[in-house]
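K.L.:
Sequence first, then the predicted structure:
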Amino acid sequence: MTGTRTRVTKRDAEHTLAAVKRMFSAYIEGDYGPKLVKDWNWGWTTSTDYAWAIVWEEGSPYNWTYLFPFGGVDEEFGGRHTGVELPDDVWTEAITGWALAIYPKDW
């Protein structure tokens with residue numbers, strides 16, 4: 001499906017990061033937490049750059065990206081996570097267990 005919006009705004013990306021931080025607030029201490037990265041590239045592939053990504057390599061719970069934003073049960077320790085709402089104009093996709101891409105909803 002081709003939509004009319006071609007990019008995610010920085011504001012929407014920041015709101016998405018805030019949603020990640022709300023959902024996993026119990027795991028964030030000080031500067032240790034998810035980071036918003038513009039034009040992120042995983043490094044082993046040069047074919048795909050993500051306009052906005054949230055990266056949290058040391059993130060806990062394990063594979064947190066697969067729980068976001070809908071919530072669910074952490075398979076490693078069994079913790080339950082309540083889902084959160086995303087900005088209306090975005091959707092997310094787990095790229096790895098520790099990196100989340102942010103896309104325009106009508107992309």
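P.N.:
Good, I have the coordinates.

K.L.:
Only C-alpha atoms from now on, for both contacts and neighbour counts.
P.N.:
Noted.

K.L.:
that's a strand at residue 26, yeah?
P.N.:
No. Residue assignment for residue 26, taken from DSSP: H, G, I helix; E, B strand; the rest coil, gives helix, which places it outside any strand.

K.L.:
how much space between it and residue 60?
P.N.:
9 Å (Cα to Cα, to the nearest Å).

K.L.:
So for these two, which sits in the more crowded spot?
P.N.:
When residue 26 and residue 60 are compared for neighbours, residue 60 comes out ahead with 19 against 10, by other Cα atoms under 10 Å.

K.L.:
who's the most centrally placed residue in the chain bridged to?
P.N.:
For the chain, the residue lying nearest the average C-alpha position, counting by Cα atoms, centre = their mean, turns out to be residue 100 (3.6 Å). Under DSSP bridges, the beta-bridge partners of residue 100 are residue 54, residue 94.

K.L.:
do residue 72 as well
P.N.:
With DSSP bridges as the criterion, residue 72 is bridged to residue 81.

K.L.:
residue ranges of the strands in the chain, please?
P.N.:
The residue ranges that make up the strands of the chain, judged by DSSP state E, are 35-40, 50-55, 71-73, 80-82, 90-94, 99-104.

K.L.:
Need those strands in CSV (columns: distance to residue 64 and mean pLDDT).
P.N.:
Supplementary listing: these in CSV, determined by distance: least, Cα to Cα, whole Å; pLDDT from 0 to 100:
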stretch, distance to residue 64, mean pLDDT
strand 35-40, 14, 93
strand 50-55, 11, 92
strand 71-73, 9, 93
strand 80-82, 10, 91
strand 90-94, 9, 95
strand 99-104, 9, 94
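
K.L.:
Of all those strands, which one comes closest to residue 8?
P.N.:
Using Cα to Cα as the criterion, the shortest distance between residue 8 and the strands of the chain is 5.2 Å, found for strand 99-104.
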